[in-house]
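>>> I'll drop the sequence and a predicted model, then ask my questions.
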Amino acid sequence: MADENERPRASGRAVAIGGRRLPEIGALIGDLRQAAGEQLSGAFRAEAEAARLAPWLPVCFGAGIIVYFIAPAEPSWIAAAASFLALAFVVVLSRARPVAFAIALALAAAAAGFAAGTLRGALVAHPVLLRPSATLTLAGFVEARDATDRSDRIVLQVTSASGRGADRLPPRVRVSLRRGNAPQVGAHVEMKARMRPLLNPTRPGGYDYALGAYFARLGATGFVLGKTKPVAAPIEAPAELRFAAAIESVRRALTARILAVIPGQTGAVATALISGVRDQISAEVNEAMRISGLYHVLSISGLHMAIVVGFIFAAVRGGLALIPGLALRFPIKKWTAVLALLGAFVYMLLAGADAPTLRSFIMIALVLLGVLFDRPAITLRTLSIAAFAVLSMTPEAVLNPGFQMSFAATLALVSIYQRLAPALLTAPPAKDGGAVYRVGVTAGRWLLAGALTSLLAGLATTPYAVFHFQRLAPYGILANVLAMPVISFVIMPMAVVGCALIPFGYDALAWQAMGWGIDVMLAIARWVTALPGAEGRVHAFGTGALLLMTAGLLLLAIPVSRLRLLSAPLFALGFVLAITTPRPDVLIDSEAEAVAVRGSDGRLTVLAARQNRISADSWLAADGDTRKSRDPLEGGFRCDAAGCAAKLADGTTIAVARRPEAFADDCREAALVVSPLDVPAACAAAAVDRRALASTGALALRRVKGEWVAEPVRSPFADRPWYGRARAPDPAALARLYRRPNAPAGTEPLARPDEIPVPDEGSVNEEE
């Protein structure tokens, strides 16, 4: 008989504790894994049954576009198309296997997005200016015009150019003029201008002006010296330009007609809402609308298009319903949808047909087509088709703040209203109540719906507004709840009525009513702006936090199963990343002309802020600072004729060397030398000069444990067509930033007595 101590152990499915047998850890983990797998499988079945897997395809499509834009070099459209076709073939082969089919379909959608971005890049490929020019004499057709707070801007189709560097000028450029001096669209004009390459981001993570301009087929920007003058055109204007000129003349005539009835800022806002012309809106009104959270009203987008189409639909269908012979025998709802679609198209043309308006028109057109074909008008599937349509035509829109905010708000609203609309809006009031009761209930429901709409849209767009503009509107929901009734029921309906009454000569009555509504809206905006803490500023955070919050929004809005619960940790993690994002200690623009240093008070001191307004304002906004470039910002720098110096909070000295004779002292005493010149190789300090910045663009630096951590705008390992590099990128561009103070000196002298710095010819500070 075997000894008891030599008995084999039980096979280990349980252990005894206190007389009870409990499962082993391995078995417990296996059971949990099995339970989680069953829950996940059940959730996916529920999503498939509810048709909620299809809305993820445009998400994958957009992800593929993003992969295109972050590629270090321009991909081949042939390779991208071949990859998509191969994955599409895999999708066909895997139809019998649900899991494999879903994975293959998602990958194919991502490959399609990558191919769409690559093909779009190939179609818009054009030369860009690589170096600032001297003064040029330009002649060309004016294709478009708009305005900022300080200047007018025109897009010029160049027909001739003369001057040094004119042979390198791209065929389409944008130039700035003094406010009020822009020529009419379609005119052929001549001017003297200085041109420079497309404006790169002013800070890491900032908006890429060059990318947006490149995909708008622009090759350079600049500013006009003096005024333009009309000259005879050497060729006939293209047909599309003549059409644009005709539309622009209608817009300007409509603007003048409105301003004749409601002058001042009220009329300026009215013209912005109808024709998209915002030239006359003052900086004070713009700022009040931004702080109050109502600035989206000034940019024609989905809100305006929906109100206009809704008013046309209600008015036309209501009018036709009063004629029994038509209402009972003919599909007046479909007739109305056609007229509403025509009205939306005309409104898009009047508004200038820019990107936000075009996106809104596509969404509205899909809704109205759903009415024509007896399909549900507003669903996640409709939104998915709209996203596919917009991103297929303009893949670069995925990086645009307007696109992101528009679709985030629409996604949140569609998702919630699909669940709440039956109970909130369509359920009839109790029959035992009187007429007053029923009217009151209906009005209350619509007010509640308006408040809910403002709340949902505000919450959904907050991450994107903060990421791109570093602004919060603490009272934005309050302002929108107060202003939306007058916008929806007075301002925009009267805009439609006014346009309809122009042929009859009674449009002034509608403009006056519209002006009254705008006065109410502006009063609300100014009142909210005056509230304590109305101007909410936060510092910038990275794309990682935004992507996590985007994933959280998608998981909250699309699924019908418990997968929605996964949105909470994603939102939480994104929020933590956003608030813990470290702020830079030093910021340097792409030419080392403007430099910002964080002082002991935690605020940025900016050198040459007024001369480099774009960079300075961008840095201050990203830092959550309400100061502007026009404010005194150089107090932390000590300057002489050769350069300037400032100290970080830990006492580290940052030197900005403007002349060669400054290198001798700066390289010995400073921890970092920044210069628009070439810093000598013998300089023992860490250095950032024009050679490094030619590869990196603007630069953000942090001081961590005595070492520099750099974040460049442009990777020195990457090169894309819109970068506009004058020379090949240098992977070792930042090598001198990590040089230690006791590094062996080179043989090159720090400064020659006869050396005089000469700036690049034509180097100017463009005022965008």
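Nice, I can see it. Numbers count the residues shown, from 1 in each chain.

>>> My guess is Leu737 contacts Trp708. True?
Yes - with contact defined as Cβ atoms under 8 Å, Leu737 reaches Trp708; the gap is 5.3 Å. C-beta: built from backbone N, CA, C; applies to glycine.

>>> so what sits against both of the two?
Common contacts of Leu737 and Trp708 (Cβ atoms under 8 Å, 6 or more residues apart in numbering): 672, 686, 701.

>>> Closest one to Cys60 out of these, please.
Leu701 (36.6 Å; Cβ to Cβ).

>>> which parts of the helix or strand hosting the closest one are buried?
Assigned by DSSP states H and E, Leu701 falls within strand 699-704. Residues 699-701, 703 are the ones in strand 699-704 that count as buried (16 or more other Cβ atoms under 10 Å).

>>> in the stretch 51-200 of the chain, which spans are helices?
All helices of the stretch 51-200 of the chain, identified by DSSP state H, counting those that start in this stretch, fall at 56-69, 77-93, 98-124.

>>> So Tyr207: helix, strand or coil?
Secondary structure state of Tyr207, per DSSP: H, G, I helix; E, B strand; the rest coil, is coil.

>>> phi, psi of it?
Phi and psi for Tyr207, reported as degrees, to the nearest 10, are phi -60, psi 130.

>>> wait, doesn't it sit right on Asn200?
No - using Cβ under 8 Å, Tyr207 is not in contact with Asn200; the gap is 10.4 Å.

>>> follow-up on the earlier one: make JSON lines out of the helices of the stretch 51-200 of the chain and add mean neighbour count and mean pLDDT.
Output for the helices of the stretch 51-200 of the chain, formatted as JSON lines (neighbours: other Cβ atoms under 10 Å; pLDDT from 0 to 100):
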{"stretch": "helix 56-69", "mean neighbour count": "21", "mean pLDDT": "96"}
{"stretch": "helix 77-93", "mean neighbour count": "15", "mean pLDDT": "95"}
{"stretch": "helix 98-124", "mean neighbour count": "20", "mean pLDDT": "94"}
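
>>> do you know which of those helices lies nearest Ala592?
helix 56-69 (27.3 Å).

>>> and Pro731, how many neighbours does it have?
Close neighbours of Pro731, defined as other Cβ atoms under 10 Å, add up to 11.

>>> right, and the helix or strand after the helix or strand containing Ser454?
Using DSSP H and E, Ser454 sits in helix 435-469. Counting by DSSP H and E, the next helix or strand C-terminal to helix 435-469 is strand 471-472.

>>> can you list the residues that contact that next one?
Residues outside strand 471-472 that contact it (Cβ under 8 Å, 6+ apart) are 290, 462, 465-466, 536-538, 621.

>>> Compare Tyr207 and Asn200 (neighbour count), which wins?
Counted by other Cβ under 10 Å, Tyr207 and Asn200 do not tie: Asn200 has more neighbours, with 20 against 17.

>>> Looking at the closest residue to the more buried one other than its chain neighbours now. What's its pLDDT?
Excluding its sequence neighbours, the residue lying closest to Asn200 (Cβ to Cβ, 6 or more residues apart in numbering) is Gly697, at 4.6 Å. Gly697 carries a pLDDT value of 91.

>>> List the contacts of Gly697.
Here Gly697 is in contact with 200-201, 590, 712-714 (Cβ under 8 Å, 6+ apart).

>>> For ChimeraX, write the select line for the buried members of the residues you listed.
Buried residues among those (16+ other Cβ under 10 Å), as a ChimeraX selection:
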select :200,201,590,712,713,714
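
>>> Closest one to Ile66 out of the contacts of Gly697, please.
If you rank those by distance to Ile66 using Cβ to Cβ, Pro201 comes first, at 16.4 Å.

>>> if I look at the closest one, how far off is Thr137?
Between Pro201 and Thr137 the computed distance is 31 Å (Cβ to Cβ, to the nearest Å).

>>> if I look at Gly643, how far off is Gly319?
74 Å.

>>> Those two: which is more packed in?
Shown here are Gly643 and Gly319; by other Cβ under 10 Å, Gly643 has more neighbours (23 against 12).

>>> How about the backbone phi and psi for Val595?
Dihedral angles for Val595 - degrees, to the nearest 10 - are phi -140, psi 130.

>>> Count the residues that sit near the closest residue in space to it that isn't next to it in sequence.
Excluding its sequence neighbours, the residue lying closest to Val595 (Cβ to Cβ, 6+ apart) is Leu607, at 4.7 Å. Using other Cβ under 10 Å, Leu607 has 28 neighbouring residues.

>>> wait, doesn't Leu607 sit right on Ile588?
No - counting by Cβ under 8 Å, Leu607 sits too far from Ile588 to count as a contact (9.9 Å).

>>> shared neighbours, the two?
Taking Cβ under 8 Å, 6+ apart as the contact criterion, the residues that touch both Leu607 and Ile588 are 594-596.
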